[in-house]
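Enquirer: Sharing a sequence plus its predicted fold:
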Amino acid sequence: MRYKHWLGLGAGLVLGLIFLVAGTGKALAQAELFETPFLNYLDFLNLEQVRLLFHGLPYVEIVIGLFLVTGFAMKLVAAFSSLLIAAFITSNTWFITHGMGFEPCSCLGIFSRLLQNQLSTQQSLYLDITMLALVLVTLFCYQRRFTDIYPWFMNKE
């Protein structure tokens, strides 16, 4: 039964690292990112909402990533992150159905350059589905209670 705990902890850590990399990459490349993916949202959001999304999203992702990596309120943060991941899935699905499935998504911001092959919107959708699976593994396998807020590396005896 102890392996379940480690599986849940590992899933939360991987999910946190993905959020940290994506948020940091977007925060470091905000000037160039606004030109490409965020302007596509003008079809269903006004310009002020797009700017709020553009400026706020990287920092929300960084905070979620930090909480998950440190294990602070891991189950609660994982549940909250599922809402953000569901928004990503909805957004990517919308782009794919409107013929933009092979467009670069800039999901990892400046770190996309390190891959030397940007993720397409379709590949990003696969990543988002994987992230949602990691959330479920974290919620169902991590052995601490939903409301426990202390980090995974601290023993509470």
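Expert: Looks like it arrived, so ask away.
Enquirer: shaky segments in the chain?
Expert: 1, 31-45, 115-117, 152-153, 155-157 (pLDDT under 70).
Enquirer: Just want the most central residue of it.
Expert: When the chain is reduced to its mean C-alpha position, the nearest residue by C-alpha atoms, centre = their mean turns out to be residue 19, at 4.3 Å.
Enquirer: And that one, how far from residue 68?
Expert: 7 Å (C-beta to C-beta, to the nearest Å). All C-beta atoms are positioned from the backbone trio N, CA, C, and that covers glycine.
Enquirer: Which residues are in contact with each of the two?
Expert: residue 81 (C-beta atoms under 8 Å, 6 or more residues apart in numbering).
Enquirer: This structure: helices as residue ranges?
Expert: For the chain, the helices defined by DSSP state H cover 2-28, 30-33, 47-70, 74-97, 112-115, 121-141.
Enquirer: helices or strands next to the first one in the packing?
Expert: If contacts are counted by 3 or more C-beta pairs under 8 Å, 6 or more residues apart in numbering; DSSP states H and E, helix 2-28 sits against helix 47-70, helix 74-97, helix 121-141.
Enquirer: Centre of the chain to the second one, how far?
Expert: Centroid displacement of helix 74-97 relative to its chain, using C-alpha atoms, centre = their mean, to the nearest Å, is 7 Å.
Enquirer: Check the shortest one too.
Expert: On the basis of C-alpha atoms, centre = their mean, the separation between the geometric centre of helix 121-141 and that of its chain is 9 Å.
Enquirer: Just the buried positions in that helix, please.
Expert: Within helix 121-141, the residues scored as buried using 16 or more other C-beta atoms under 10 Å are 121-125, 127-128, 131-132, 134-135, 137-139, 141.
Enquirer: May I have it as PDB, with CA atoms only?
Expert: The C-alpha coordinates for helix 121-141 follow below in PDB (Å, rounded to 0.1, in the frame of the first residue of the first chain):
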ATOM      1  CA  THR A 121      -1.700  22.500 -30.500                       C
ATOM      2  CA  GLN A 122      -2.600  18.800 -31.000                       C
ATOM      3  CA  GLN A 123       0.500  17.700 -29.100                       C
ATOM      4  CA  SER A 124      -0.300  20.200 -26.400                       C
ATOM      5  CA  LEU A 125      -3.700  18.600 -26.100                       C
ATOM      6  CA  TYR A 126      -2.000  15.200 -25.500                       C
ATOM      7  CA  LEU A 127       0.200  16.800 -22.800                       C
ATOM      8  CA  ASP A 128      -2.900  18.300 -21.100                       C
ATOM      9  CA  ILE A 129      -4.700  15.000 -21.100                       C
ATOM     10  CA  THR A 130      -1.600  13.500 -19.500                       C
ATOM     11  CA  MET A 131      -1.500  16.200 -16.900                       C
ATOM     12  CA  LEU A 132      -5.200  15.500 -16.100                       C
ATOM     13  CA  ALA A 133      -4.200  11.900 -15.600                       C
ATOM     14  CA  LEU A 134      -1.400  13.000 -13.200                       C
ATOM     15  CA  VAL A 135      -4.000  15.000 -11.200                       C
ATOM     16  CA  LEU A 136      -6.200  11.900 -10.900                       C
ATOM     17  CA  VAL A 137      -3.300   9.700  -9.800                       C
ATOM     18  CA  THR A 138      -2.300  12.400  -7.200                       C
ATOM     19  CA  LEU A 139      -5.800  12.700  -5.900                       C
ATOM     20  CA  PHE A 140      -6.400   8.900  -5.600                       C
ATOM     21  CA  CYS A 141      -3.000   7.600  -4.700                       C
END
